[in-house]
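**Q** take this sequence and fold it.
(chains A, B, C and D)
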2 protein chains.
Amino acid sequence: MTVTATMEEDRLDETFAALANSTRRAILARLAQSEATVNELAAPFAMQLPAISKHIKVLEQAGLIVRSRNAQFRPCRLAPDRLAEVATWADQYRSIWDDRFDRLDQQLSRRRRNAQHAAPKGTNDR
Amino acid sequence: MTVTATMEEDRLDETFAALANSTRRAILARLAQSEATVNELAAPFAMQLPAISKHIKVLEQAGLIVRSRNAQFRPCRLAPDRLAEVATWADQYRSIWDDRFDRLDQQLSRRRRNAQHAAPKGTNDR
DNA sequence: GTTGTAATTTCCGTATGGGTTAATTATCTA
DNA sequence: TAGATAATTAACCCATACGGAAATTACAAC
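**A** Down below sits the predicted model:
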């Protein structure tokens, strides 16, 4: 019964864990431009190839990228579904930060009104 | 020069790492309803209090929650800024999954047109 | 088949994560 | 002051994460 929920939770664990590394996020950003091979992805980093290879494995396991085969090359490309899930998850909380802006906005309006009543003749803010 | 970028990257590392645990995400979901004490937050979990206390510490360190003091109690409440950053980060990739839906939509339109040309007299789908 | 290039796997060291129990701190109440 | 409640810290166990170096696999070109 809670099987689906648990599966989704596990997947979010894995997704967020994969995203919790700036090298891996940089790889995703690079792949947002176009697909790329492991060596191409590794080029910008001061890190040995095996390390990048492992990061790619993590991203693939998490479903954030998919890979094909072209001779010795293993081109990677972005798989957007998990990223969409992250956006959806975070959006659950949107009302909370929106509310806060609303309250701030109300406060500002109130202050503007009060300022007008207190000093109706000029701009006396500060 | 890249100081800000690096700080933001480090913060995203920390934010995603904090979110990569279903217990901690459940705590955030609970705090989206109202603030709560450590014992209240711990109640739903089959886990000792110190474990929850550590999870809360991780969330606080990551800036996802803030805490106040009320006698022996340390009520927690949600701090939405980091969640907003996550939403913004994920939204960078929105065009990619939108594009995919667009392509799917175009495909379906094309199929619809072709179906009309091939069998203009009736609904012959499936 | 040998050589070269692309990429992965294995093994290792070190650090961190997530949980436990026991001990400790902080605050209220009688 | 003593005792109860809320919460944290300390000490420990086990597993996993991240990186390096060396060895290995997969394929192409000659």
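**Q** dump the residue contacts of the closest residue to residue A:74 other than its chain neighbours.
**A** Distance criterion C-beta to C-beta, 6 or more residues apart in numbering or on different chains; nearest residue to residue A:74, sequence neighbours excluded, is residue A:67 at 5.2 Å. Glycine gets a C-beta too; all of them are placed from N, C-alpha and C. By C-beta atoms under 8 Å, 6 or more residues apart in numbering or on different chains, the residues touching residue A:67 are A:56, A:60, A:74-77.
**Q** of those, list those near DNA strand C.
**A** Filtering these for proximity to DNA strand C by C-beta under 7 Å from any atom of the strand leaves A:56, A:74-75.
**Q** residues making contact with the one helix or strand residue A:30 maps to?
**A** Applying DSSP states H and E as the criterion places residue A:30 in helix A:22-33. Residues from elsewhere that reach helix A:22-33, judged by C-beta under 8 Å, 6+ apart: A:18-19, A:36, A:41, A:44-45, A:47, A:52, A:55-56, A:58-59, A:64-65, A:76-78, A:83, B:9-10, B:12-13, B:92-93, B:96.
**Q** anything in that helix near DNA strand D?
**A** Yes: using C-beta under 7 Å from any atom of the strand, helix A:22-33 reaches DNA strand D at residue A:23.
**Q** filter the ones next to DNA strand C among the contacts of residue A:67 to the buried ones?
**A** Neighbour counting by 16 or more other C-beta atoms under 10 Å in any protein chain shown classes A:56, A:75 among these as buried.
**Q** next step: the ones next to DNA strand C among the contacts of residue A:67 restricted to helices.
**A** residue A:56 (DSSP state H).
**Q** tell me the one of the ones next to DNA strand C among the contacts of residue A:67 nearest DNA strand C?
**A** For these, the minimum distance to DNA strand C (C-beta to the nearest atom of the strand) is 4.4 Å, reached by residue A:74.
**Q** how close does the closest one sit to chain B?
**A** 21 Å (C-beta to the nearest C-beta, to the nearest Å).
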